[in-house]
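S.K.: Here is my input, please return the structure:
(one chain, ligands or ions: 2)
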Amino acid sequence: MATVDHNAAALGIPLRVLMESSGNAVARRVQELTDPADSVALVCGRGNNGGDALVAARFLDDREVTVYLLGRPESITTDIARANWEALEQVESGIRTVADSRAFALDDPDLVVDAMLGTGITGDLREPEASVARAINDAAASVLAVDVPSGVDADSGAAEADSVGADHVVTFHDLKPGIADHPDVTVADIGIPAAAEELVGPGDVEVLGAGGSQKGESGRTYVIGGGPYTGAPALAGGASLSAGADLAFVACPESVFDPIAGYSEDLIVQPYGDGADGADHLTPEQVPDLVDVAERHDDVVVLGPGLGRHPETEAAARQFLAEFSGTAVVDADALALVPEVETDATLVLTPNRSELAELGGPDVDDLAAHTDEIRDLAADLGHTVLAKGPHDVITDGERVRRCRAGTPGMTVGGTGDTLAGVVAALLARAEPFEAACVGSYVNGRAAELLDRGAGLRATELQETIPVALQGGDDE
Ligand SMILES: NC(=O)C1=CN([C@@H]2O[C@H](COP(=O)(O)OP(=O)(O)OC[C@H]3O[C@@H](n4cnc5c(N)ncnc54)[C@H](O)[C@@H]3O)[C@@H](O)[C@H]2O)[C@H](O)CC1
Ligand SMILES: [K+]
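M.R.: Ligands and ions are numbered 1, 2, ... in the order given. The predicted model follows:
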């Protein structure tokens, strides 16, 4: 939910607006569950779960309401919950702070609203929430839980020893798995647009940036490219460093070693094989060594930039895919071979419009209108597809996301190479679908931050890719 909330905010629907809707939904449920003469106790934690009930209090003027804040107002952990507390203080509603949980006593209310903890819970219930949860469970009143009963994990449903036993639950936006079998759950629409879930945004970056990495930290990128072209593999390697890879290797033909090595001190450039044969393109006999190096170091491979279409190179790329069992981004000239090869590798494919059509996908400009076909292609291929267009479509054959980040100037050559490098760096610390989604956003956002109009050059993206990866407010 934090990702969706952040993406909603980037689309112009700030969290405080969502909380207003959440609080209003809580108030409506309270009115359904009580008569005007009934008394209601709103028991609030110090986060946004509590904030929801602080909002609800403003909509319950027609009830006898007592608001309990578990802790001092200055210990409220979010700005929007604190703002709603301060509003209640201004309007002189029946509010109390409970500094010491031993002093907590309900005045025999008809309904208790449990707004202590929601999706932000970590670990077992701590004080004062633990004692207060026991007091709520011991009370005769019926209990309405906000979002999830305090102490219950929204995903797994695991309930802490002292978790609140709720008669009713009002949750927001969608049903959480952890409460799916609760007998009385109301799912309230709080105005989060579908786009906040479909479009990749700064919320996705934040999760990845906030140490959301599943694997070790930054990794090593191994670009296998070059042949007639020299810029593409260098752009992919450089962009992967900008996206956080520790090391970027470029394996290239002996014939283009000098120009590629000359581009940047940051790249470790190695000619294929021993270079003795001096081939100016990738050939099959060099493949076993490339597979061995990549797998020995658990490198994330970028296969394709600048490889060219020499028949021996196509045979070599096919052989690499057949023999490699690690993780790779497949781009450019190597893409067309993927449907022909059985591979154990985990691949992210990054086709442009013509490459997508060549893979068997739709030959259209407006990818967003053909997401089902692209999803089915990814399912058939068994790999994540990041289809590049004015709006990128990212799919793993089941999930589908879209990304609008970017500028018209990105049609310039090389931005696909930087995208491949960014995705490779993220694959070292995230699952393929997530890495592809965030890679698409970061590459596009980097172009937006440069604000170069039609004058964008792909090399410049390496300056702003790190900024885009820091996420943050994109308004
Ligand atoms: N899109 C939505 O669904 C929205 C939901 N909203 C509500 O926001 C909460 C999540 O708020 P958050 O501040 O992230 O976390 P909590 O309030 O649930 O808890 C944080 C709070 O609790 C303390 N804490 C954490 N773990 C424990 C523990 N084991 N024991 C005691 N105290 C604990 C922590 O220190 C913080 O003070 C969600 O559930 C919804 O109710 C938004 O209002 C709008 C959008
Ligand atoms: K709760």
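S.K.: interface residues of the stretch 1-150 of the chain facing ligand 2?
M.R.: For the stretch 1-150 of the chain, the contact set with ligand 2 under C-beta under 5 Å from the ion comprises Asp114, Gly118, Ala145, Val146, Ser150. (C-beta placed from N, C-alpha, C; glycine too.)
S.K.: was I right about the fourth one contacting Gly118?
M.R.: Just to be clear, that refers to Val146. Yes - using C-beta atoms under 8 Å, Val146 is in contact with Gly118, at 6.3 Å.
S.K.: Could I get the full set of strands for the stretch 201-350 of the chain?
M.R.: 220-224, 247-252, 268-271, 300-303, 327-330, 346-349 (DSSP state E, counting those that start in this stretch).
S.K.: Pop the domain breakdown of this structure in here.
M.R.: Following automatic domain parsing, the chain resolves into domains at 2-198, 202-469.
S.K.: Kindly reformat these as a markdown table and extend each row with mean neighbour count.
M.R.: Below are the domains of the chain laid out as a markdown table (neighbours: other C-beta atoms under 10 Å):
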| stretch | mean neighbour count |
| --- | --- |
| domain 2-198 | 19 |
| domain 202-469 | 21 |
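S.K.: Turn these into JSON lines, including mean pLDDT.
M.R.: Formatted as JSON lines, those follow (pLDDT from 0 to 100):
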{"stretch": "domain 2-198", "mean pLDDT": "95"}
{"stretch": "domain 202-469", "mean pLDDT": "93"}
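S.K.: Just tell me which of the ones you listed ends up closest to ligand 1.
M.R.: Closest approach to ligand 1 among the domains of the chain (C-beta to the nearest ligand atom): domain 2-198, 1.9 Å.
S.K.: Measure how far that closest one is from the centre of its chain, please.
M.R.: 26 Å (C-alpha atoms, centre = their mean, to the nearest Å).
S.K.: Likewise for stretch 310-321?
M.R.: What separates the centre of stretch 310-321 from the centre of its chain is 34 Å, taken as C-alpha atoms, centre = their mean.
S.K.: Number the chain from 53, please
M.R.: Got it, first residue is 53 now, which makes that one stretch 362-373.
S.K.: Need the residues that contact that stretch.
M.R.: Contact with stretch 362-373 is made by 276, 279, 331, 333-336, 338-339, 342-343, 355-356, 359, 382, 385-386, 389-390, 392-393, 395, 397, 399, as judged by C-beta atoms under 8 Å, 6 or more residues apart in numbering.
S.K.: can I get the strands of the stretch 253-402 of the chain in TSV with distance to Val184?
M.R.: Below are the strands of the stretch 253-402 of the chain laid out as TSV (distance: least, C-beta to C-beta, whole Å):
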stretch	distance to Val184
strand 272-276	50
strand 299-304	52
strand 320-323	58
strand 352-355	49
strand 379-382	48
strand 398-401	47
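S.K.: Can you check which of these gets nearest to ligand 2?
M.R.: For ligand 2, the closest of those is strand 398-401, at 38.8 Å, according to C-beta to the ion.
S.K.: interface residues of this protein facing ligand 1?
M.R.: 53, 57, 67, 70-71, 74, 97-104, 129-130, 169-178, 181, 198-199, 224-225 (C-beta under 6 Å from any ligand atom).
S.K.: Quick check: Asp298 touching Gly271?
M.R.: Yes - using C-beta under 8 Å, Asp298 is in contact with Gly271, at 6.6 Å.
S.K.: dump the residue contacts of the residue nearest to Ser153 when sequence neighbours are not counted.
M.R.: Among residues not flanking Ser153 along the chain, Pro180 sits closest, at 3.0 Å (C-beta to C-beta, 6 or more residues apart in numbering). Shown in contact with Pro180 (C-beta under 8 Å, 6+ apart): Leu122, Gly123, Val150, Asp152, Ser153, Phe156.
S.K.: ok, now how distant is Pro180 from Val165?
M.R.: Taking C-beta to C-beta, to the nearest Å as the measure, Pro180 falls 16 Å from Val165.
S.K.: And for Phe376?
M.R.: Taking C-beta to C-beta, one finds Phe376 at 56 Å from Val165.
S.K.: go on, Val339?
M.R.: Counting by C-beta to C-beta - Val339 and Val165 are separated by 65 Å.
S.K.: now Asp332
M.R.: From Asp332 to Val165 the distance is 73 Å (C-beta to C-beta).
S.K.: for Thr470, same thing?
M.R.: Taking C-beta to C-beta as the measure, Thr470 falls 51 Å from Val165.
S.K.: now Thr273
M.R.: On the measure of C-beta to C-beta, Thr273 and Val165 end up 52 Å apart.
S.K.: Same question for Leu359.
M.R.: According to C-beta to C-beta, Leu359 stands 62 Å off from Val165.
S.K.: likewise Ala288?
M.R.: Ala288 is 54 Å from Val165, by C-beta to C-beta.
S.K.: for Pro518, phi and psi?
M.R.: phi -60, psi -40 (degrees, to the nearest 10).
S.K.: Apart from its neighbours in sequence, what residue is nearest it?
M.R.: Ser294 (5.6 Å).
S.K.: quick one: contacts for the one you found?
M.R.: With C-beta under 8 Å, 6+ apart, Ser294 has these contacts: Gly473, Val474, Ala477, Leu513, Gln514, Glu515, Ile517, Pro518.
S.K.: Now do the contacts for the fifth one.
M.R.: For Gln514, the contacting residues are Gly290, Ala291, Leu293, Ser294, Thr470, taking C-beta under 8 Å, 6+ apart as the criterion.
S.K.: Same question for the last one.
M.R.: Contact partners of Pro518, counting by C-beta under 8 Å, 6+ apart, are Ser294, Ala295, Gly296.
S.K.: If we use 10 Å, what do you get?
M.R.: Leu293, Ser294, Ala295, Gly296, Val494, Ala498 (C-beta atoms under 10 Å, 6 or more residues apart in numbering).
S.K.: For these, could you give me a markdown table that also reports distance to ligand 2?
M.R.: Compiled in a markdown table, the contacts of Pro518 are given as follows (distance: C-beta to the ion, whole Å):
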| residue | distance to ligand 2 |
| --- | --- |
| Leu293 | 44 |
| Ser294 | 42 |
| Ala295 | 38 |
| Gly296 | 37 |
| Val494 | 35 |
| Ala498 | 40 |
